[in-house]
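please find the sequence and the predicted model below.
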Amino acid sequence: MAERVPAGEAFSERQSRDITRTIRQISEESGVEFSVFVGEPAGDATKYAETLHRAMPSSTQSVLILVAPNARRVEIVTGTAVRNRLTDRDCALAALSMTSAFTGGDLAGGIVTGLRMLSDRVRPSRHAHV
């Protein structure tokens, strides 16, 4: 499980722990490796997010969320094995929820909410189909 959250002013220690704990929990529950990068992308945000995602050890079975606060961008990149469980619409709804929280000044809360929304969509069903 990767977490790339810069130290310093972006998050308090508690907020950083909450994000890390959420990433661990949802990655274990869903079987999908979640990662968050918060910072400014080097160049185009979409391409940068895709580059970060490809560098992940199990990129086919992972989701990367890039949050660029100064650029006001959220990018969500999914691995090939995750795309059948997590649609573009799911990602768009999570991004919308995150940006709404960010607008209200809650960067950490928005990230946690977005992670949970995505996790809910990729988590294996607990109900047997009859």
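Yep, it's here. Note that the coordinates shown come from a computational prediction; the quantities given were computed from them, not determined experimentally.

now the most centrally placed residue in the chain: which helix or strand?
Per CA atoms, centre = their mean, the C-alpha nearest to the average position across the chain is that of I65, at 3.4 Å. I65 is part of strand 62-68 when elements are defined by DSSP states H and E.

what's the first helix or strand after that strand?
Counting by DSSP H and E, the next helix or strand C-terminal to strand 62-68 is strand 73-78.

list the contacts of the helix or strand following that next one.
Heading C-terminal from strand 73-78, the first helix or strand you meet, by DSSP H and E, is helix 88-103. By CB atoms under 8 Å, 6 or more residues apart in numbering, the list of residues contacting helix 88-103 from outside reads 65, 67, 69, 72, 74, 76, 78, 107, 109-111, 113-114, 117-118, 121. Every residue, glycine included, has its C-beta placed from N, CA and C.

out of those, which end up buried?
65, 67, 74, 76, 78, 107, 109-111, 113-114, 117-118, 121 (16 or more other CB atoms under 10 Å).
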